[in-house]
Structure formats: structure tokens, C-alpha cells
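Trainee: Next input, structure requested:
(one chain, ligands or ions: 1)
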Amino acid sequence: MQPHPGVLRQLALTVVPPFASRLGRAQVAATVAQTIRARALREAGHDVLFLTIGEPDFATPAHAIEAAHGAALRGDTKYPPQDGTRALKDAVARMFAREQGLSFAPEQIIVGNGGKQVIFDALLATAEQGCEVLIPAPYWSAYAGMAQVCGATPVFISCPQNNGFRLRPEDLEAAITPATRWLVVNTPNNPTGAALSRDDLTALGAVLLRHPHVWIMADDMYARLLYDGGPHATLAAVAPALAHRALTVSGVSKTYAMTGWRIGFGAGPAALIRAMANMQGQATAGVSTVGQAAAAAALDGPQEGVAAQAASYRRRRDLVADALDAVPGLACHRPDGAFYVFPSVAGCLGHTSAGGRQIDTDEDFACALLEEAHVAVVQGASFGMRPYVRISYATDEATLIRACTRIAEFVSRLR
Ligand SMILES: Cc1ncc(COP(=O)(O)O)c(C=O)c1O
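Mentor: Residues are numbered from 1 along each chain as shown. Predicted structure coming up:
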């Protein structure tokens with residue numbers, strides 16, 4: 001019997017056409033998922049403390065905002081060049097020369113909608129099925145997601161706490177195969193805050209010199225947020241023989257509290273930058289002109305604010321690391337940079353919370369902490385290492401003190 005035409009018409013209004021298979025390879029980041037849960041609790045009237053997002057609580061420098069305003073008034077409001085305005089590329093080149101001693105021509109620089117798009121451009125242009133992308137763990141989860149969307153396979157190299165969460169040359173050597181297309185090096189690191197020294201990078205560079213088929217991504221997003229030792233070191237500068245296959249990524253989000261402006265940049269060999277600009281051009285007709293004007297002003301303008309913010313992050317790091325390390329059941333290292341701590345919750349596993357929740361994993365810990373103590377943190381599993389949690393201390397000291405007190409109370413009530 002034929003279905004009634006009315007039923008068919010009704011069905012046609014509800015059937016959704018298919019989605020792409022790549023969607024199955026793309027997961028919502030745990031940071032986002034945990035923030036959504038925390039917002040729901042806040043909307044339900046709870047006093048939730050957010051330590052989930054890696055976003056500075058400072059204001060964008062006034063001179064950067066004024067530069068954006070001036071650019072708009074001057075009529076700098078038309079489509080920009082897809083790989084970035086010349087003014088911003090020149091400012092980026094000056095920044096790399098000043099801070100890393102690296103020299104780049106304009107055709108060796110690309111501007112993207114945040115460092116995130118720059119990294120995606122690079123993977124889209126080079127990685128595909130059959131390729132492996134080496135990601136030292138713990139890692140910023142976006143690398144793995146992007147590699148998978150490109151069809152490539154993320155391969156994780158464990159960097160355990162007993163080596164300061166730093167990548168060891170012998171582990172890198174063992175992980176490289178003929179299929180390796182990229183190594184990602186993120187220092188200072190999200191989520192551990194660990195930083196690689198010049199000597200660390202020299203040793204890794206010696207391994208990479210033996211494997212000329214591997215591209216190198218130096219994600220230096222937190223380069224200016226380094227608290228002990230320093231200055232920041234990057235592979236293209238430490239091992240110039242690798243520069244022709246190194247992409248150095250940076251941006252204004254973290255350094256200048258400009259996350260919402262969405263400006264990041266990459267610098268490397270001209271052929272790679274051209275390929276990346278091609279990929280970027282498929283998705284977007286360039287990056288906001290006024291945002292680029294603001295970023296150039298931030299890079300070229302007074303830098304005292306950066307030092308003042310770094311001093312403030314340093315104080316917060318000490319406050320949080322000391323408070324958490326003093327809690328029986330937690331073990332918190334003192335990271336070198338960025339604005340995260342990554343304490344181990346191993347001592348809390350196998351216990352039950354005051355609210356009756358069984359804590360067997362770091363995810364159980366993060367969920368119970370949110371539900372019962374209203375402190376939002378992110379489980380280490382989503383950064384590729386258990387049993388830890390990531391705590392962002394890019395928030396004011398009063399909130400951090402309240403959060404640490406609540407965490408200590410929550411842990412002390414575990415049975
Ligand atoms: C390690 C790392 N790299 C890159 C980025 C990208 O930053 P943006 O796209 O805001 O420039 C982030 C943001 O959280 C990050 O943590």
C-alpha cells in the first residue's frame with residue numbers, strides 16, 4: 001500500500017539530509033562542555049567559580065582599541081589581503097626580530113582569525129589520510145581535533161610529570177615514522193605550563209635534523225607569559241637548520257588580553273605560508289581590518305602592560321600552586337609559564353564525595369567538584385593525561401582564593 005501523499009509531505013518536513021562523515025571525527029572540546037555545564041548551574045542560581053577557560057581577565061590595551069577606532073574612521077573597512085595587512089605583517093616581523101632574533105619577509109607571514117585558524121590552515125595544507133601528527137601529551141586538545149578533521153592520525157607522546165611534563169628526545173625519536181608529517185611543540189604549554197629550555201630544544205632539534213620529512217609547529221602562544229628563567233626559546237631560532245620547515249605560531253589573545261579580536265599569526269617558509277593562505281582563502285575573505293590595526297598597535301606599542309600582567313599571573317600561580325599542593329590528596333607542581341596549573345588528583349581516586357559521588361577518574365572528580373562545590377575545572381583526560389585536572393588562574397586573586405578554599409574543603413570531605 002502506498003503511503004498517503006499527506007504523510008509523505010509530513011515526512012519531508014522532518015527528514016534531515018545527511019551530514020559529512022568528518023563530523024564523527026570532530027568532538028566538542030571538554031573545556032567548552034564543562035563551561036556549558038557550569039553556566040547552566042550559574043543560571044540555576046548557584047555561585048559558580050569558573051576556572052575552565054584560558055582567557056585573560058585583563059582589558060585590551062587602550063591604544064589597541066584606539067587604533068581599531070582610528071582605522072575604522074579612516075575607512076580601513078574594505079576586504080583586506082587574505083594573508084593579512086602589510087602593516088600588521090610588518091609589526092609581526094618586528095616582534096619576531098625583537099623577541100626571538102628571527103627574521104621574516106612579509107611573504108613568510110600569515111595572519112589568521114586567531115592562532116587557532118593559523119594552525120588549522122597549516123594542517124589543512126599539509127596533513128591528510130595516512131599522515132601522523134605527533135602531539136606531546138598533555139596537549140591543547142584542538143591539535144588532535146584538527147588533525148582528525150584533516151583525516152590525519154594524531155599520535156601522542158607522553159611527557160610525564162617526573163620529567164616536568166617536558167618532551168624527551170628519545171621519546172620523540174621513537175615516535176617518528178615515515179608517516180610522520182608534523183611535530184607540535186607548545187611551550188609554555190597548555191595545560192601544564194611547562195616550558196622547554198634552550199637546551200631541551202637543542203636536543204629535540206638534533207633528533208629532528210635526522211628526519212627531514214617532518215614539519216615542525218612551534219606554538220608559542222604563551223611565549224611572553226614565562227615566569228622563572230627564560231627568555232623564551234623557539235626551535236627556529238635555537239636550531240636555524242630547521243627553519244625552512246618550521247612554522248612559528250603566535251598571537252595577541254593571551255599576551256595582550258585580546259581573545260575576542262581573533263588575531264593570530266604564523267611565520268615560516270614562504271611556500272608553506274602560500275599554501276596556508278590558499279586554505280584560509282577557501283574559508284574566509286581575510287581577517288577583520290580593524291582587528292588587524294588593533295593587533296599592530298598592541299605589538300608596536302608600549303609593552304609595560306605585558307610585564308605587569310605577567311607579574312600578576314606569577315603571583316596567582318604561586319598562590320594557587322601553594323594552596324593546592326598543601327591539600328592532602330592533591331599534588332601540584334609549580335609551572336614555568338602560561339596561566340594553568342595541572343595538579344594530580346591521584347590521591348582522591350577510589351573515594352566517595354560528601355554528596356555520595358564515587359570518584360574513580362579525574363572526570364568524576366571534575367564533575368563532583370562542579371556539582372557539589374561549584375568550582376569548574378577541566379579533567380586532564382581531555383588533555384591526554386590522567387588523573388589530573390587543569391585549573392586556569394587567569395582570574396582575579398579573590399576568586400582564586402575562594403576556589404582553592406572550596407577545593408580543599410571538597411577534598412577533605414572525601415571518604
Ligand atoms: C596552546 C594554544 N595555542 C593556540 C591557541 C589559540 O589562541 P587564539 O586562537 O586565541 O589565538 C590557544 C588558545 O587557547 C592555546 O591554548
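Trainee: Which parts of the stretch 301-415 of the chain are strands?
Mentor: Ranges of strands in the stretch 301-415 of the chain, per DSSP state E, counting those that start in this stretch, are 340-341, 351-352, 358-359, 375-376, 378-379, 389-392.
Trainee: which residues are contacting the last one?
Mentor: Read it as strand 389-392. 51-55, 191, 320, 324, 339-343, 345, 362, 365-366, 369, 377-380, 383, 403 (C-beta atoms under 8 Å, 6 or more residues apart in numbering). All C-beta spots, glycine's among them, are computed from the backbone N, C-alpha and C.
Trainee: Note down every partner strand of that strand and its orientation.
Mentor: Strand 389-392 sits in its sheet next to strand 340-341 (antiparallel), strand 378-379 (antiparallel), going by DSSP bridges.
Trainee: From Pro56, how far out is Thr255?
Mentor: Separation of Thr255 from Pro56 (C-beta to C-beta, to the nearest Å): 9 Å.
Trainee: before we move on, back to that, now for the strands paired with strand 389-392, which one comes closest to Ile407?
Mentor: strand 340-341 (11.2 Å; C-beta to C-beta).
Trainee: residues in contact with that closest one?
Mentor: Outside strand 340-341, the residues that touch it by C-beta under 8 Å, 6+ apart are 54, 190-193, 317, 320-321, 324, 332-333, 335, 390-393.
Trainee: same thing but at 6 Å, please
Mentor: For strand 340-341, contacts defined as C-beta atoms under 6 Å, 6 or more residues apart in numbering pick out 191, 193, 320-321, 332, 390-392.
Trainee: I'd like the average pLDDT over that strand.
Mentor: Regarding strand 340-341, the rounded mean pLDDT is 97.
Trainee: Identify the residue nearest the most centrally placed residue in the chain in space, chain neighbours excluded?
Mentor: Centroid-nearest residue in the chain: Trp140, 4.9 Å away (criterion: C-alpha atoms, centre = their mean). Counting by C-beta to C-beta, 6 or more residues apart in numbering, Asn190 is the residue found nearest to Trp140 once chain neighbours are left out, at 4.5 Å.
Trainee: Can you tell me the number of residues neighbouring the one you found?
Mentor: 25 (other C-beta atoms under 10 Å).
Trainee: cool, and the one 10 residues further on?
Mentor: The number of residues packed near Asp200 is 21, by other C-beta under 10 Å.
Trainee: How about stretch 246-262 and the ligand, touching?
Mentor: Yes: residues of stretch 246-262 are located near the ligand by C-beta under 6 Å from any ligand atom, namely 251, 253, 259.
Trainee: Could you do stretch 155-165 as well?
Mentor: No: legend: contact between stretch 155-165 and the ligand by C-beta under 6 Å from any ligand atom is lacking; minimum distance shown is 13.5 Å.
Trainee: Now do that stretch: distance from first to last residue.
Mentor: 17 Å (C-alpha to C-alpha, to the nearest Å).
Trainee: Identify the residues contacting it?
Mentor: Under the contact criterion C-beta under 6 Å, 6+ apart, stretch 155-165 has outside partners 132, 134-137, 166-167, 171, 175, 192, 194, 384.
Trainee: Val287 versus the residue of the chain found nearest the ligand, what's the distance?
Mentor: Of all residues in the chain, Gly114 sits closest to the ligand, at 2.6 Å by C-beta to the nearest ligand atom. Gly114 is 9 Å from Val287, where distance means C-beta to C-beta.
Trainee: residue ranges of the helices in the stretch 1-150 of the chain, please?
Mentor: Counting by DSSP state H, counting those that start in this stretch, one finds helices in the stretch 1-150 of the chain at the ranges 5-14, 30-43, 62-73, 86-100, 114-126, 142-149.
Trainee: Pick the most buried one from the ones you listed.
Mentor: Mean neighbour count (mean count of other C-beta atoms under 10 Å) peaks for helix 114-126 among the helices of the stretch 1-150 of the chain, with a mean of 23.
Trainee: What average pLDDT does that helix get?
Mentor: 98.
Trainee: okay, now Gly230: neighbour count?
Mentor: With other C-beta under 10 Å as criterion, Gly230 counts 15.
Trainee: actually Pro138, not the one I typed
Mentor: Each residue near Pro138 was counted by other C-beta under 10 Å, and the total is 29.
Trainee: For it, give me its contacts.
Mentor: Counting by C-beta under 6 Å, 6+ apart, Pro138 has contacts 191-192, 383-385.
Trainee: And the furthest pair within those residues?
Mentor: Farthest apart among these by C-beta to C-beta are Thr192 and Gly384. That separation is 10.7 Å.
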